[in-house]
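Student: Return atomic coordinates for the entry below.
(one chain, ligands or ions: 1)
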Amino acid sequence: MGHCKLQDDAYHYGVKKSDLKGEMKQFRLEATNPFYERDMTKCILCGKCVRVCSEINGAGVIDFAY
Ligand code: SF4
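Tutor: Here you go, the predicted structure:
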């Protein structure tokens, strides 16, 4: 079992390595919210957080930038 849905799926489908090349950015873990931690080093830009903030929470305060 992985630490997230993506890692669970990677284990399930037997993914051992990525063919993607490029630099890995480092970000500090954001743990100031009592309900979740945000680790942007693991972000795959799926947009789920943006949609939840907008469509479920109704706040629309986060989005993609740069
Ligand atoms: S876009 Fe949001 S929900 Fe998707 S991986 Fe990145 S931080 Fe997580």
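
Student: and the gap between Gly2 and the ligand?
Tutor: Computed as CB to the nearest ligand atom, to the nearest Å, the Gly2 to the ligand distance reads 14 Å. C-beta here means a position set from N, CA and C on the backbone, and glycine is covered the same way.

Student: Ignore what I typed, I meant Cys4.
Tutor: For Cys4 relative to the ligand (CB to the nearest ligand atom), the value is 8 Å.

Student: nearest spatial neighbour of that residue, skipping sequence neighbours?
Tutor: Nearest residue to Cys4 in three dimensions, chain neighbours excluded: Lys42, at 7.0 Å (CB to CB, 6 or more residues apart in numbering).

Student: pLDDT wise, what is that neighbour at?
Tutor: Looking at Lys42, its pLDDT is 84.

Student: That one: neighbour count?
Tutor: 12 (other CB atoms under 10 Å).

Student: From Ser18, how far off is the closest residue to Asp63 other than its chain neighbours?
Tutor: Counting by CB to CB, 6+ apart, Asp63 lies nearest to Val50, which is 5.6 Å off, once chain neighbours are set aside. Val50 sits 23 Å away from Ser18, going by CB to CB, to the nearest Å.
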